[in-house]
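**Student:** pasting the structure only:
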Ligand code: NAD
């Protein structure tokens, strides 16, 4: 059985205590590989390796850094089909999604930041004829990049690329639930010829190494994407050491459909926002609020759409709905459906597991589920479910829907559907979230600030925000 090893100082190495976790294919429920479960000794080795590689990587001209990182982007493109298949098997997502979204975006992340770094510069502030200040952005040193399982390679590369390009060395910690493409990425780094120690990839359970990573003074920053609960732990661990921390966490995003929307567009995107990637996207619109005047029709049309989304073998190219990521997650999502029923929710479609025939009969499939008749303040509407489960609620007016939209602890993203541009601005001004989409969902420009308010995030990544996070700012004042 394939063993997924750590990549430290240019070597593929087993964990120092020999401990491995089983890695399951969620579409079959079968273990198909083993992944290193690193401990603090492994973490210390990775930190040492990144720390020692830093001075020479920092001194490497930007042009040279870009050259080697572009090779990484090109190798990902060359191996797109292999990586997409691996991502689909590891995560349960349809191959059609991995091959059009996850893997292309991973190479784009490297390409985009390779271009952006050539334009990144500091400000200058002349003081009449007295002096001039110029602002430098300096690499930090060894930094930690921690990523979740829902978009495994896509989100890991989104952090690694800017961190490396500004001159930091990296200790990457992919999710132990979906480690395969991160392992393949370590082979790609090796093939591209990145100097030893510049990137180190540590596998296994985060809780085993979080404290070591957060406490070590050689680690200068932690960029984390994952749940709010883990973000809170890491923030607490890092705070006494004054470590830079960027936290991209959970969401419970509202999707607001006004009566004057472009109905067809709103309906199509409501389905995507609720169920894409099995509802396992932090930006998913899992709380749908529809104006009461179009509620019945919208609801029925969405149910008709969702009912056609039959989960099935992720590797079948026609499949649009795959398995959720793990048994534990499958049980968690199903438990929220039960809770919704207990709270008086009416299941309009789905509401149960799905058992395809053949090889996938023991996989973790859940039918796309839409639920109405729930209080906007109940647990199902307040807590992140992160599965193919959305609620739908009619609203009377703007004031009511804005209050409900802002009522959760989260504030990651929101969508607003209306043809009235004044209303769109008015509502967007009052929505507490880091991203507001008007008449769209998930339309991303890599230059824009990405992140959440409230319990969804601290700081912003994306574009120059990522470079700013991964650097220290220095003002130099020169008197004439
Ligand atoms: P998670 O918090 O369980 O794990 C995320 C990562 O943190 C994993 O690599 C894990 O091993 C590591 N980790 C866990 N405990 C740790 C510790 N004590 N110290 C250091 N690392 C630790 O999250 P998940 O279940 O993998 O991912 C789902 C969550 O991610 C959802 O809440 C989702 O909304 C969120 N997410 C947010 C964004 C965003 O950009 N805001 C994007 C994708 C996913």
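**Tutor:** Nice, I can see it. Note that the coordinates shown come from a computational prediction; the quantities given were computed from them, not determined experimentally.
**Student:** from here on, contacts and neighbour counts on C-alpha atoms
**Tutor:** Fine.
**Student:** which residues sit in contact with residue 166?
**Tutor:** By C-alpha atoms under 8 Å, 6 or more residues apart in numbering, the contact list for residue 166 reads 58, 62, 117, 138-139, 467, 470-471.
**Student:** pLDDT score for the residue of the stretch 1-150 of the chain found nearest the ligand?
**Tutor:** Per C-alpha to the nearest ligand atom, residue 148 is where the stretch 1-150 of the chain lies closest to the ligand, at 3.5 Å. Residue 148 carries a pLDDT value of 98.
**Student:** Confirm that it sits in a helix.
**Tutor:** No: assessed with DSSP: H, G, I helix; E, B strand; the rest coil, residue 148 is coil; it does not lie in a helix.
**Student:** Residue numbering should commence at 340 henceforth.
**Tutor:** OK, 340 is where the count begins now, so the last one is residue 487.
**Student:** How many neighbouring residues does the nearest residue to residue 340 once chain neighbours are set aside have?
**Tutor:** By the measure of C-alpha to C-alpha, 6 or more residues apart in numbering, the closest residue to residue 340 outside its immediate chain neighbours is residue 372, 5.4 Å from it. Residue 372: 18 surrounding residues under other C-alpha atoms under 10 Å.
**Student:** for the helix or strand hosting residue 372, which positions count as buried?
**Tutor:** Per DSSP states H and E, residue 372 falls inside strand 369-375. Buried residues in strand 369-375, counting neighbours by 16 or more other C-alpha atoms under 10 Å, are found at 372-375.
**Student:** Need these in JSON lines (columns: distance to residue 604 and pLDDT).
**Tutor:** Listed next are the buried residues of strand 369-375 as JSON lines, based on distance: C-alpha to C-alpha, whole Å; pLDDT from 0 to 100:
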{"residue": "372", "distance to residue 604": "42", "pLDDT": "98"}
{"residue": "373", "distance to residue 604": "43", "pLDDT": "98"}
{"residue": "374", "distance to residue 604": "42", "pLDDT": "98"}
{"residue": "375", "distance to residue 604": "45", "pLDDT": "98"}
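**Student:** could you redo these as a markdown table and give each row distance to the ligand?
**Tutor:** A markdown table is the format used below for the buried residues of strand 369-375 (distance: C-alpha to the nearest ligand atom, whole Å):
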| residue | distance to the ligand |
| --- | --- |
| 372 | 17 |
| 373 | 15 |
| 374 | 12 |
| 375 | 12 |
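**Student:** Pick the one among the residues you listed closest to residue 465.
**Tutor:** residue 375 (53.7 Å; C-alpha to C-alpha).
**Student:** Skipping its backbone neighbours, what lies nearest that closest one in space?
**Tutor:** Excluding the flanking residues, the one nearest residue 375 by C-alpha to C-alpha, 6+ apart is residue 359, at 4.5 Å.
**Student:** got the contact list for the residue nearest to residue 340?
**Tutor:** Applying C-alpha under 8 Å, 6+ apart, the residues near residue 372 are 340-343, 361-363.
**Student:** Quickly list what it is bridged to.
**Tutor:** Beta bridges link residue 372 to residue 341, residue 362, judged by DSSP bridges.
**Student:** State the distance from it to residue 475.
**Tutor:** Relative to residue 475, residue 372 is positioned 46 Å away (criterion: C-alpha to C-alpha, to the nearest Å).
**Student:** Same question for residue 537.
**Tutor:** According to C-alpha to C-alpha, residue 537 and residue 475 sit 22 Å apart.
**Student:** ok, the two, which is more surrounded?
**Tutor:** Each of residue 537 and residue 475 has its neighbours counted (other C-alpha under 10 Å); residue 537 has more, 27 against 16.
**Student:** Run through the stretch 340-489 of the chain and note the low-pLDDT ranges.
**Tutor:** Within the stretch 340-489 of the chain, no stretch has pLDDT under 70.
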